[in-house]
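K.L.:
predicted coordinates and the sequence they were generated for:
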Amino acid sequence: MPRDKLCSLSEAIAEFVHDGDCVYAAGFTHLIPFAAAHEIIRQGRRNLVLARATPDLIYEQMVAAGCARKLIFSYMGNPGVGSLRIVRAEIEAGNLEWEEYSHFGMISRLHAGAAGLPFMPMNPTAAGDLERVNPNYRRLQDPYTGREVVVVPPLNPDVAIVHVQRADRHGNAHIWGILGEQKEAAFAARHVILTAEEIVDEAVIRSDPNRTLIPEFVVDAVCHVPYCAHPSYTQGYYDRDNAFYLAWDQLSESRAAVQAWLDEWVFGVKDRQEYWQKLGEETHRRLAVKPRWSTPINYGDY
């Protein structure tokens, strides 16, 4: 019988995220697991290595809360708005270690980690400056053609946190909309925490197997966390809170203002449900989405 992995988010973080771990919060603009980051902050984790294709506000908040000693990333910014002021200031002050990659370099590291390979080759690109500042970029000779290829080492996070639209209690999960590196991160990590908007019967997952990007055998914990991704979005459930990203740009000009925000919105609430209710009805209405159903497909019967 498959194991029931359903637990609270606080229980999952307590069991699988430890001081000094490498944590990968997956999701590319979409399905970013902010609720898990807030729980990590509440539990006071320290000296984390935070890896992610785009740090986004999720890692800005964790850096501001003192959780991180190092950032591994590709592209750093408040998407569509500007800089991550706090992360940049901490890097420039020498308080935060960092490794930068291209998007393809970062995903190639996860591919190597997921496949158990010692490195992943890539075609040389225009990212020559990254090679000069990051010694993890190396060049090797292709044994078949003799030409040079760029290689990067595997990335195997201690824990990957993946947010999905729906999952069963065993960890089989459906994702749709913009896909990021969720599958690669899950297969590369030593442990996987799955957060889901809905927990559904196994039959729902089996009804559409091509949408099952995350299988149960890589998952350690399944957490029912509606609205987990705010201020990012979950396709079909709620929209991206663009106003939040704009407001954060001004808020992050002041470390005192950021600390006050953390005190109110992270330490001042016990969980995601309380956070969502605190956002209020006006925000709920503004982020509500209209249904747009896909056309059913016929898998056949045999």
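P.N.:
Ah, there it is. Residues are numbered from 1 along each chain as shown.

K.L.:
how about the secondary structure of A37?
P.N.:
Put simply, A37 is helix when judged by DSSP: H, G, I helix; E, B strand; the rest coil.

K.L.:
got the contact list for it?
P.N.:
Contacts of A37 were listed using C-beta atoms under 8 Å, 6 or more residues apart in numbering, and they are 25, 58-59, 61-62. Bear in mind the C-beta positions are built from the backbone N, C-alpha and C, glycine included.

K.L.:
quick one: the strands in the stretch 201-302 of the chain?
P.N.:
Here the stretch 201-302 of the chain has its strands, by DSSP state E, counting those that start in this stretch, at 212-214, 221-224.

K.L.:
circling back to that earlier point, can you pick out the most distant pair from the contacts of A37?
P.N.:
A25 and Q61 (10.9 Å; C-beta to C-beta).

K.L.:
the stretch 101-250 of the chain: helices as residue ranges?
P.N.:
According to DSSP state H, counting those that start in this stretch, the stretch 101-250 of the chain carries its helices in the segments 103-115, 128-133, 182-188, 202-206, 242-251.

K.L.:
any idea which of those is most buried?
P.N.:
helix 182-188 (a mean of 24; mean count of other C-beta atoms under 10 Å).

K.L.:
helices or strands up against that helix?
P.N.:
helix 103-115, strand 159-167, strand 212-214 (3 or more C-beta pairs under 8 Å, 6 or more residues apart in numbering; DSSP states H and E).

K.L.:
contact partners of that helix?
P.N.:
Under the contact criterion C-beta under 8 Å, 6+ apart, helix 182-188 has outside partners 24, 26-27, 31, 107, 110-111, 113-114, 154-157, 160, 162, 164, 175, 192, 213-214, 218-219.

K.L.:
give the buried subset of those as a ChimeraX selection command.
P.N.:
Of the contacts of helix 182-188, the buried ones go into a single ChimeraX selection, burial set by 16 or more other C-beta atoms under 10 Å:
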select :24,26,27,31,107,110,111,113,114,154,155,156,157,160,162,164,175,192,213,214,218,219
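
K.L.:
now do the contacts for H38.
P.N.:
Neighbouring residues of H38 by C-beta under 8 Å, 6+ apart: 61, 265-266, 272, 275.

K.L.:
kindly recompute the last result at 10 Å.
P.N.:
Residues in contact with H38, defined by C-beta atoms under 10 Å, 6 or more residues apart in numbering, are 9, 13, 58, 61-62, 65, 228, 262, 265-267, 269, 271-272, 275.

K.L.:
most surrounded residue in these?
P.N.:
Of all the contacts of H38, the most densely surrounded is C228 (29 neighbours; neighbours counted as other C-beta atoms under 10 Å).

K.L.:
thought that residue was touching W276?
P.N.:
Yes - if you go by C-beta atoms under 10 Å, C228 and W276 touch, sitting 9.5 Å apart.

K.L.:
re the thing from before, export the helices of the stretch 101-250 of the chain to CSV and tack on distance to T295 and mean pLDDT?
P.N.:
Below are the helices of the stretch 101-250 of the chain laid out as CSV (distance: least, C-beta to C-beta, whole Å; pLDDT from 0 to 100):
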stretch, distance to T295, mean pLDDT
helix 103-115, 31, 96
helix 128-133, 43, 88
helix 182-188, 24, 98
helix 202-206, 18, 96
helix 242-251, 30, 97
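
K.L.:
returning to what we had before: just checking, which of the contacts of A37 belong to strands?
P.N.:
Using DSSP state E, A25 are the members of those that sit in strands.

K.L.:
any chance of the contacts of A37 in TSV, plus pLDDT?
P.N.:
TSV is the format used below for the contacts of A37 (pLDDT from 0 to 100):
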residue	pLDDT
A25	98
I58	98
Y59	98
Q61	98
M62	98
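
K.L.:
now, which of the contacts of A37 sits nearest R88?
P.N.:
Once C-beta to C-beta is applied, the member of those that ends up nearest R88 is Y59, at 11.8 Å.
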